[in-house]
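In: what's the 3D shape of this:
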Amino acid sequence: MRILLLGKHGQVSQELQRCLSGTCELTVLGSDQLDLAKPEQIRQHVLSLRPELIINAAAHTAVDQAESEPELAFAINATAPGILAEAAAELNIPLIHYSTDYVFDGTQTEPYRESDAPHPLSVYGRSKLAGEQAIQAAGGMHLILRTSWVYSQHGRNFLLTMQRLLQEREALNVVADQIGAPTWAGSIAQTTAQLIEHWCSGQAGPWGVYHLTAQGETSWFGFASAIAAHLQGQGKPVATLQPTPSSAYPTPAQRPLNSRLNCSQLQQAWHIQLPTWQSALSECLTVR
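Out: Predicted structure coming up:
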């Protein structure tokens with residue numbers, strides 16, 4: 001199968017490249033080959049490649065930075081996915097696209113379901129929601145996979161930042177009132193590969209929006225504590241961790257306090273089993 005993967009250097013893209021390598025004819029494009037901030041390039045470039053599946057793992061993910069550059073965030077996160085969806089519909093092929101827990105405001109007490117009304121708090125969240133809506137409006141086959149708290153062994157993410165700070169400092173304050181599911185980019189890639197396999201074998205569920213995170217929940221403080229425990233298990237000294245409220249660390253973009261996503265619909269409709277966040281973290285820390 002000819003698969004076009006967008007977002008060459010992102011966390012999910014790099015794991016997808018590792019996961020899909022050797023199983024398909026994979027064309028991977030970064031912003032130097034196809035700049036999603038320039039919508040006039042996208043449609044013709046995609047149509048000329050004539051893929052059989054498009055995976056959009058590219059995004060403007062600098063949440064705080066997006067507050068000061070909303071036009072760029074909307075170009076990459078909203079306009080570009082809509083054009084990709086239109087091109088996919090023209091080719092009569094599916095589009096797999098990744099979205100975020102930040103489409104919700106985090107005020108409800110239960111994990112969010114796909115049927116819950118979005119209400120983003122930030123430019124990033126609004127741009128990602130607009131991207132979802134543009135894909136749906138194109139009317140083609142699509143999977144929009146909302147995930148949360150993505151980390152991996154490469155790029156810029158909470159895991160790598162904590163591993164460094166825990167070994168540099170004597171004490172560290174970490175936010176404890178935001179709750180979600182840390183999700184390894186490798187788990188997202190593995191699940192995506194399963195979804196593709198189910199589609200190819202005629203076992204696909206309905207197209208649409210699904211939630212895809214690791215199972216279970218914790219706070220950023222709990223996630224940091226698990227990272228610290230791993231370092232301690234290697235005999236490394238680590239900082240003392242202190243829980244702190246979000247209000248102690250104001251940021252340009254407001255974060256939802258409840259980022260939990262109910263993933264039962266993906267598990268039931270597509271027969272997918274998702275790992276716990278603890279087991280995925282252990283697997284991530286053993287991958288090199």
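
In: Do a quick rundown of the strands in the stretch 101-250 of the chain.
Out: 142-147, 150-151, 171-175, 179-180, 183-184, 208-211, 218-219, 240-244 (DSSP state E, counting those that start in this stretch).

In: What are the buried residues along the third one?
Out: If I follow you right, that is strand 171-175. 172, 173, 174, 175 (16 or more other CB atoms under 10 Å). Backbone N, C-alpha and C define where each C-beta goes, glycine included.

In: isn't the third one right up against residue 218?
Out: No. Between residue 174 and residue 218 there is no contact under CB atoms under 8 Å: 11.2 Å.

In: What is the lowest-mean-pLDDT helix or strand in the chain packed up against?
Out: Lowest by mean pLDDT, DSSP states H and E among the helices and strands of the chain is helix 39-49, with a mean of 91. Counting contacts by 3 or more CB pairs under 8 Å, 6 or more residues apart in numbering; DSSP states H and E, helix 39-49 is packed against strand 2-6, helix 80-91.

In: cutoff 10 Å now
Out: Under the contact criterion of 3 or more CB pairs under 10 Å, 6 or more residues apart in numbering; DSSP states H and E, helix 39-49 touches strand 2-6, strand 25-29, helix 80-91.

In: Please produce a markdown table containing the ones you listed, extended by mean pLDDT.
Out: Formatted as a markdown table, those follow (pLDDT from 0 to 100):
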| stretch | mean pLDDT |
| --- | --- |
| strand 2-6 | 96 |
| strand 25-29 | 93 |
| helix 80-91 | 97 |
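
In: Is it possible to get TSV of those that adds distance to residue 163 and mean neighbour count?
Out: Listed next are the helices and strands packed on helix 39-49 as TSV, based on distance: least, CB to CB, whole Å; neighbours: other CB atoms under 10 Å:
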stretch	distance to residue 163	mean neighbour count
strand 2-6	28	22
strand 25-29	27	16
helix 80-91	32	22
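
In: which stretch among these comes nearest residue 271?
Out: With CB to CB as the criterion, residue 271 lies closest to strand 2-6 of the helices and strands packed on helix 39-49, at 21.4 Å.

In: who does the closest one pair up with?
Out: strand 25-29 (parallel), strand 53-56 (parallel) (DSSP bridges).

In: Name the residues of the helix or strand just after it that are buried.
Out: Note on strand 2-6: by DSSP states H and E, the next helix or strand toward the C-terminus is helix 11-20. Residues 11, 12, 13, 14, 15, 16, 19, 20 are the ones in helix 11-20 that count as buried (16+ other CB under 10 Å).

In: do the same with stretch 142-160
Out: 142-153, 155, 157-159.

In: before we move on, what about stretch 188-201?
Out: 188, 189, 190, 191, 192, 193, 195, 196, 198, 199.

In: and if you look at stretch 223-237?
Out: For stretch 223-237, a neighbour-count test (16+ other CB under 10 Å) marks 223, 224, 225, 226, 227, 228, 230, 231 as buried.

In: Out of the residues you listed, list just those in helices.
Out: 223, 224, 225, 226, 227, 228, 230, 231 (DSSP state H).

In: pLDDT and distance to residue 86 for those - can I get that in a markdown table?
Out: What follows is those, written out as a markdown table (pLDDT from 0 to 100; distance: CB to CB, whole Å):
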| residue | pLDDT | distance to residue 86 |
| --- | --- | --- |
| 223 | 98 | 38 |
| 224 | 97 | 42 |
| 225 | 97 | 45 |
| 226 | 97 | 42 |
| 227 | 97 | 41 |
| 228 | 96 | 47 |
| 230 | 94 | 44 |
| 231 | 94 | 47 |
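
In: mind listing the helices in the stretch 101-250 of the chain by residue range?
Out: 123-138, 158-168, 185-200, 220-233 (DSSP state H, counting those that start in this stretch).

In: what's the last one packed up against?
Out: In this structure, helix 220-233 packs against helix 158-168, strand 171-175, strand 179-180, strand 218-219, strand 240-244, helix 277-286, with contacts taken as 3+ CB pairs under 10 Å, 6+ apart.

In: Residue 127 is nearest to which of these?
Out: strand 179-180 (19.7 Å).

In: low-scoring stretches of this protein, by residue?
Out: Along the chain, the model assigns pLDDT under 70 to residues 288.

In: With respect to residue 122, which of the buried residues of strand 171-175 is nearest?
Out: Checking those against residue 122 with CB to CB, the nearest one is residue 175 at 15.9 Å.

In: So for that closest one, what's the nearest residue that isn't a sequence neighbour?
Out: residue 220 (4.6 Å; CB to CB, 6 or more residues apart in numbering).
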